[in-house]
Structures are given as structure tokens and as C-alpha cells.
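Colleague: based on what follows, work out the 3D shape:
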Amino acid sequence: MKQKAIVYQIFTRLYGNKNTTRKENGTIEENGCGKMNDFTPTALKHIKEMGVTHIWYTGIIRHATQTDYSAYGIPKNHPAVVKGRAGSPYAITDYYDVDPDLAVDVNKRMQEFEALIERTHKAGMKVIIDFVPNHVARQYHSICKPAGVKDLGQDDDPSQGFSPQNNFYYCPGQRFTPYFDLYHGEREPYLEEPAKATGNDCFHNAPGMNDWYETVKLNYGLDYYAGRVGHFNPIPDTWGKMTDILLFWARKGVDGFRCDMAEMVPAEFWHWATDKVKYVHPDIIFIGEVYNPAEYRNYLAAGFDYLYDKVGMYDTLREVMRGNQSTHAITGAWQQTDDIRDHMLYFLENHDEQRIASSFFAGNARKGVPALAVSALLQQNPLMIYAGQEYGEQGMDREGFSGHDGRTTIFDYWSVPTLVRAATRKLTKDEKSLKEMYDKIIAIATTEKAVLEGVSFDLMYVNDDTHQQYAFLRKAGSEALLVVANFSELPTTMDVTIPAHAFDYLKLHERKNVTAVDLLTGKEIKRQMRRDCYVSVDVEPLGAVVLKFKA
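Modeller: So this is what the prediction gives:
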């Protein structure tokens, strides 16, 4: 049978940290930090048992931080251009290095990462890391680049705002003057002259509070000063340098890259780079963070294997969970990408989004269960789970730079309450129950032939009076599943009409007395299967039923 990819995103520095001090803006000494060595064979075995096929270790590559590692020969970062004590993992300071926070022995941080790859592979899973192609930290400087590799910006002409062979964009004659104090407690201010353009396409010297002021934009040959005119012949210098970085990590044994803000980098580069990487490593995968549906097909054609389905499926399920939209909107969401459905990555949480259980989102982790059933079982495409989601993590801490926002911090030294309770076997009854439901749904998604190989049939067009339940069929060979997800906080009995077209399309047989088993509970029910007749299904509040029957 085919395999359904289940990506488990882990914010590496948080995952193994059992320190519960949780001091706001705390240092690494005060709040602790998870290590790569926390992923023991036993820990990885438990992750594998969830049905996970790929672990996305977020924050592996060295990024800007306020923690001083100069004793190890690592350049110190000026705190004025670092967000949070720990810093953002998306402000890379050395593409060829590993974050020292994650190492037990800082001097052996690369060897510890290589050992983590080996352990993950032995546990039967593949490794994904971030590739951050659009921007770097303001003080980017590689101390670990291979011999003969030139640093980003090393040969730039900063007197040119744009040059196709520059790695950065500049503001000639202007000093970097952001909205904030450039001293930030230091004796000397942060100095950058001429100022470089900021990562979120801010092409002036004074980025504001909401800009990505800690980063600088990389130049892939697009002249933004002239209206995004492309200069791709000869090949821009940045293309070669960034492709070499991908090949460096691929040689380490990394199995895939989650490419941050991929659509901010021209598709022409991706076509060139993915072709070169896959020529040497044909099984490697590229996951693109692309938010513009109009660009989806361009980036798939440029070599991406999977794209975030954020604007369609995620946004729709979020509003359905919050009670702001009818379940019929789910039909429209999958139809928008039906021609590329196998390439869309479904998710309900990640490091950018608010936790389902937070008061900023749904306020109740159980509201994610029907959405998980839909995300996991509707199509053959991959599913992503964010560590802690399966326990109902709330993300309601005030960690420091991150603030009280319903998200798990990516900027601060912290520990995740539910992950600590899971590691110390102190989960609450509700947390254990939620995890069991996640395990059951993911097990169905990864083992049932009707999900892995079957076709899908949306039943909502003949059940148009239903707005809090969602029903669909899956079928492969003689095995069929009827899935009903209940987004209501009340128990419901849904009379699911199965139209004649479904019988013809799926080649279902009419039967007077069909025995179906709910794969989530093991309960058997007997129902008739007739054209244009209904099947009565009882569903628990914020739950789902997955009825398996012989077709």
C-alpha cells in the first residue's frame, strides 16, 4: 500500500526541556533548554508509534541569540537586532552550523546533530529541517563554511542598491535607523552602514515595529527598486550559494526541507535549485510555505513536493471550529486545490499559528477532533501535527518576547507544559483522552486502504441542511469508510443521504443489511445501503465516526 506522510513538527529547543521555572524573559540558565540528545531511542520510538513518518526538527541551524557563546569561537550577537533571549530560528547567522543551544557539548554540536539523524532513521522516520532562503540575521557571518566557500555579502558592492550579483540589497549612503534603541543595554550601539533591506521586503533604512527588523533580505536577482524585474542570466551569485547550502545538509542525511516563506523567493530559483539537489538526492522532499493560491501550481512546477494548505483548508477549518462558518465551506476549500490535492499539506497547528485550545482560537482542544478527522481522512495528502497539539497544549503563557498570544514561543527559553507532563507521566485525564483520539485517527489514516489508496466522495451537496457536521465516503477495492465529523458541542444523529451518484462513482453495492464497524470505538451497527436513502449515524459532541463496511 501507499504511505501517507505524517509530519510531526518539533520545536527542538522546547521539546526536551523539563525545567518548569518559566521565568518571563528568562535566560537559558534560568529556564533551561532542550537538547538534541533528549531524543533518545525510546523517545523516538514513542513518536514513531503515533504513526509519524517525518520529524521536522525546527530551529536546527544556528541563528541569532542573546546567549553569549563567544567562548566557543561563535560571534556574539548585538541584542538590539535579536528578538527575544533565545532569538528567532528564522534569523540565521550561519547556514553551515548547528544551534549551540541544542548541544550537550557545544564543540561537538554538528556531531550531535549527525547522531540525531542516525537515531531518527533507526527509529524508522525521516528528518526534515528548515531552509530559510529569503532572509538572514543582520549579523550573518559563517564561521563553519567549508573551505573555498565565500560568505554571503563577501563580494557585494554596497554602493549599489541592487546588483544582480550582490547577495543583499542596500540603501547607499544611509545608516540603519530603526524605530528602537540601538544600544539595548550595550556600551556600543548596533551599527550598520549602509543599511541593508529588511527581510519582509522593507527596502529602506528604518524598519518599524512590525517589520522583520532582525533580518536582511537576500537578493535572488529581482530588482525591487525597478518593480521586481528579474535578472537571471547570468545566474545570480545567491543562487549558487544557497543551492550549495541545500546540498551540504542533504549530504548529512537530511531527508527534506521545510522552506520558509518560499514564495518570497522567485520560482525560477527553486526550479534551478531543486533540480540540482534532486539530481544527486532523488528522494529528498521540499515543503513550501506558500500562502498565495494563485502561485501554488508555479511552485509545484518549480520542484516542490508539498505546499502548506493554509489559505484554503486551514483557514476554513479554523472558522468552522470557531462556529463562524458552515461545514459546507470545507467542500469549497478542497475543491480549490482538487487538481493538486496530493501535494497539499494539511495542518491545524504549527509554530506560526495559535494553539487550538488557546482562548484566541477555539478555547477547547476537543474542538480540534472533528477537524483532525477531516484533515487526516479526507484525502491521501500529508498531515502535519505540532508537538503538544495531541495533548491540547494551550499556548497561553507569557514567555517574554512572544507575549500572551496563544502561540508557543519561538523566541524565548521556555518549556511546554503538556510536553513536560507527557515526559514525566503526569498528563491529566483529558490530555490522555485527547492523545488516544489523535492516535486512533492517525492510525486509521496510515493503515486503512480506503484512505491510503482510495477515492473520496463528498456527501455535503445532498446533505445541505447540515451546517455543523461534515460527511464523506472513502473507498478502495471492497473496503469503504463513511466518515462523519461533528463540530457541534451537542451529540447528534445525522441522517446521511448517500446519493445514487455515489453508488455509481464508487461502485458501491446496494444492500439491505450492512454491518459497519466504527473504527474509533469498535462498535458495530447494521444499516441498509440504498441509493438516495439515508444512513443514520450517532456522533458524540466534538467527535467523529468512521464506519468501515464491505462495499
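Colleague: from the chain's centroid, how far away is stretch 118-136?
Modeller: For stretch 118-136, the distance from its own C-alpha centre to the chain's C-alpha centre is 12 Å (C-alpha atoms, centre = their mean, to the nearest Å).
Colleague: and if you look at stretch 361-376?
Modeller: Centroid displacement of stretch 361-376 relative to its chain, using C-alpha atoms, centre = their mean, is 17 Å.
Colleague: and what of stretch 483-501?
Modeller: With C-alpha atoms, centre = their mean as the basis, the mean position of stretch 483-501 lies at 30 Å from the chain mean.
Colleague: neighbours around Asp518, how many?
Modeller: The criterion is other C-beta atoms under 10 Å. On that basis, Asp518 has 19 neighbouring residues. The way it works is simple: take the backbone N, C-alpha and C, and place the C-beta from them, glycine included.
Colleague: give me the distance between it and Leu542.
Modeller: 16 Å (C-beta to C-beta, to the nearest Å).
Colleague: for Trp56, same thing?
Modeller: For Trp56, the distance to Leu542 under the criterion C-beta to C-beta works out to 27 Å.
Colleague: between the two, tell me which one has more neighbours.
Modeller: Higher neighbour count among Trp56 and Leu542: Trp56, with 27 against 23, using other C-beta under 10 Å.
Colleague: these two touch, right, that one and Ile128?
Modeller: Yes: counting by C-beta atoms under 8 Å, Ile128 is a contact partner of Trp56 at 4.2 Å.
Colleague: shared neighbours of those two, anything?
Modeller: Where contact means C-beta atoms under 8 Å, 6 or more residues apart in numbering, the residues bridging Trp56 and Ile128 through contact with each are Val7, Arg258.
Colleague: mind listing the residues bridging to Ile287?
Modeller: Here Ile287 shows beta-bridge partners Arg258, Tyr306, assigned using DSSP bridges.
Colleague: list the residues that contact it.
Modeller: For Ile287, the contacting residues are Val7, Ile128, Gly256, Phe257, Arg258, Cys259, Phe304, Asp305, Tyr306, Leu307, Tyr308, Leu345, taking C-beta under 8 Å, 6+ apart as the criterion.
Colleague: for Ala371, state which of the residues you listed is nearest.
Modeller: Distances from these to Ala371 were compared by C-beta to C-beta; the smallest belongs to Leu345, at 14.9 Å.
Colleague: which helix or strand contains the closest one?
Modeller: strand 344-347 (DSSP states H and E).
Colleague: by contact count, what packs against the following helix or strand past that strand?
Modeller: From strand 344-347 onward toward the C-terminus, using DSSP H and E, the following helix or strand is helix 368-377. The helices and strands touching helix 368-377, judged by 3 or more C-beta pairs under 8 Å, 6 or more residues apart in numbering; DSSP states H and E, are helix 315-321, strand 344-347, helix 429-447, strand 469-476, strand 479-486, strand 544-550.
Colleague: can you tell me what sits against the longest one?
Modeller: Outside helix 429-447, the residues within contact range by C-beta under 8 Å, 6+ apart are 3-4, 6, 49-51, 53, 365-366, 369, 372-373, 376-377, 383, 385, 389-392, 418, 421-422, 427, 451-452, 481, 519-520, 544, 546.
Colleague: what angle do strand 469-476 and it make with each other?
Modeller: Here helix 429-447 points in a direction 40 degrees away from that of strand 469-476 (axes from the mean of the first three to the mean of the last three C-alpha atoms, to 10 degrees).
Colleague: and stretch 168-182, average pLDDT?
Modeller: Within the predicted structure, the mean pLDDT of stretch 168-182 is 96.
Colleague: tell me which residues of that stretch are tucked away?
Modeller: Neighbour counts over stretch 168-182 (16 or more other C-beta atoms under 10 Å) mark Phe168, Tyr169, Tyr170, Cys171, Phe176, Pro178, Leu182 as buried.
Colleague: ok, residues contacting it?
Modeller: Defining contact as C-beta under 8 Å, 6+ apart, one finds that stretch 168-182 is touched by 80, 138, 152-153, 156, 158-162, 189-197, 203-209, 211, 213, 216-219, 224.
Colleague: kindly export that stretch (C-alpha atoms) in CSV.
Modeller: Written as CSV, here are the backbone C-alpha positions of stretch 168-182 (Å, rounded to 0.1, in the frame of the first residue of the first chain):
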residue,chain,number,x,y,z
PHE,A,168,22.0,41.7,-0.3
TYR,A,169,20.0,44.8,-1.1
TYR,A,170,21.4,48.1,0.2
CYS,A,171,20.4,51.7,1.0
PRO,A,172,23.5,53.5,-0.2
GLY,A,173,24.6,56.4,2.0
GLN,A,174,22.0,55.6,4.7
ARG,A,175,22.6,54.3,8.2
PHE,A,176,20.3,51.6,9.7
THR,A,177,17.9,53.7,11.9
PRO,A,178,15.0,51.5,13.1
TYR,A,179,12.3,52.6,15.5
PHE,A,180,14.1,51.2,18.6
ASP,A,181,17.1,52.0,20.7
LEU,A,182,20.3,50.6,19.0
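Colleague: any idea how far that stretch is from the middle of the chain?
Modeller: Per C-alpha atoms, centre = their mean, the centroid offset for stretch 168-182 relative to its chain is 32 Å.
Colleague: for stretch 273-280, same thing?
Modeller: When C-alpha coordinates are averaged (C-alpha atoms, centre = their mean), stretch 273-280 and its chain have centres 23 Å apart.
Colleague: any buried residues in that stretch, and which?
Modeller: Counting neighbours by 16+ other C-beta under 10 Å, one finds that the buried residues in stretch 273-280 are Ala273, Thr274, Lys276, Val277, Lys278.
Colleague: wait, doesn't the third one sit right on Thr243?
Modeller: By that I understand Lys276. Yes: the criterion here is C-beta under 8 Å, and Lys276 meets it with Thr243 at 5.5 Å.
Colleague: neighbours of Tyr72, how many?
Modeller: Tyr72 sits with 13 neighbouring residues when counted by other C-beta under 10 Å.
Colleague: OK, contacts around it?
Modeller: With contact taken as C-beta under 8 Å, 6+ apart, Tyr72 is in contact with Pro100, Val106, Asn107.
Colleague: buried among those residues? Need that as a selection in ChimeraX.
Modeller: The following ChimeraX line selects those of these that are buried, judged by 16+ other C-beta under 10 Å:
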select :100,106
